[in-house]
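[1] give me coordinates for this.
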Amino acid sequence: MVLLRAGDTYSVVGYRLPEVLLTYRRNRYTTSVWRDGSIMSNELYDWDFFIAHASADEAAAENLYDVLDPRSRVFLDSRRLVPGDNWDEVLTSAQRSSLITVVLVSSNTGRAYYEREEIAAALELARSDKDKHRVVPLYLYGAGIHDAGVPYGLRLKHSIQLSKKLGLREAAERLLLALKVMKENEPRKGTLSPDIDQLKQKLRTIVELQKEDLIAELVAMEIQRTLVKAWVDGTEQRSPLR
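    Predicted coordinates:
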């Protein structure tokens, strides 16, 4: 088995495997190239939404979760953590494997240490690749974009403001629209980007060389089997017990 690595591309070529020729990973997708030339892609992200909130705003976060959950995959610590979880590791992993971080902003946000950490992580994810992660501030009732406690970087994001005219259900519809846009920007299943095409072409050369190695190995095994059989047959013929 041969491991190929080029930048953020990890590929495994196994000439003894009957079907899978290559596994290619990019962003949140893993693409398997099969010997017959077919392609199968699977999404690698686990969650559509990750809800970041202050502890004092847990009730609002759970209300939003209840609205979004029937139509999307939502991570909220109070609903997804189970006893015994290392919560810091689970939360970090969930946020990194989500498409959108929804930041609930209120007068409590400025004093919420862990929420501010999640905001910083979300902004970094979005900064590294806007197609991989999006940050959507959701201002709760009584909070606004011009408040002094709004964390650095959130004011630059197009946000949703709860009001008498726009409640959680309407806000959820806007979030689902943002999710739809992000999914439409993802690579289509069953299609190849140019770099995968180039990688597949190079792979054919490698496979042809490995086929020769495999044939040589099979021939050697057959010769060895023949010699062993001849030796066993000769031994039996010379045995006084026959």
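
[2] ranges for the strands of this structure?
    2-6, 9-13, 20-26, 29-34, 39-43, 47-52, 74-75, 98-105, 134-139, 160-161 (DSSP state E).

[3] how many neighbours does residue 141 have?
    Neighbours of residue 141 under the rule other C-beta atoms under 10 Å: 11. Any C-beta I mention is one placed from the backbone N, CA and C, and that applies to glycine too.

[4] repeat that for residue 123.
    Residue 123, neighbours per other C-beta under 10 Å, totals 20.

[5] now it: closest residue in space that isn't a chain neighbour?
    residue 153 (4.6 Å; C-beta to C-beta, 6 or more residues apart in numbering).

[6] can you tell me which residues contact that neighbour?
    Applying C-beta atoms under 8 Å, 6 or more residues apart in numbering, we find residue 153 in contact with 119-120, 123, 135.

[7] what about residue 109, distance to residue 126?
    Using C-beta to C-beta, to the nearest Å, residue 109 is found at 18 Å from residue 126.

[8] so which of the two has more stuff around it?
    Set residue 109 next to residue 126 and count neighbours by other C-beta under 10 Å: residue 109 wins out with 26 against 19.

[9] right, and the more buried one touches residue 116 too?
    Yes. Residue 109 lies in contact with residue 116 (C-beta atoms under 8 Å); the separation is 7.3 Å.

[10] what touches both of the two?
    Counting by C-beta under 8 Å, 6+ apart, the shared contacts of residue 109 and residue 116 are residue 151.

[11] can you pull the phi/psi pair for the nearest residue in space to residue 140 that is not next to it in sequence?
    Leaving aside its sequence neighbours, residue 140 sits nearest to residue 106 (C-beta to C-beta, 6+ apart; 4.4 Å). The phi/psi pair for residue 106 (degrees, to the nearest 10) reads phi -150, psi -170.

[12] got a list of what residue 106 touches?
    54, 56-57, 60, 139-140, 142-143.

[13] now residue 154
    The contact partners of residue 154, by C-beta under 8 Å, 6+ apart, come to 103, 105, 119, 123, 135, 137, 145.
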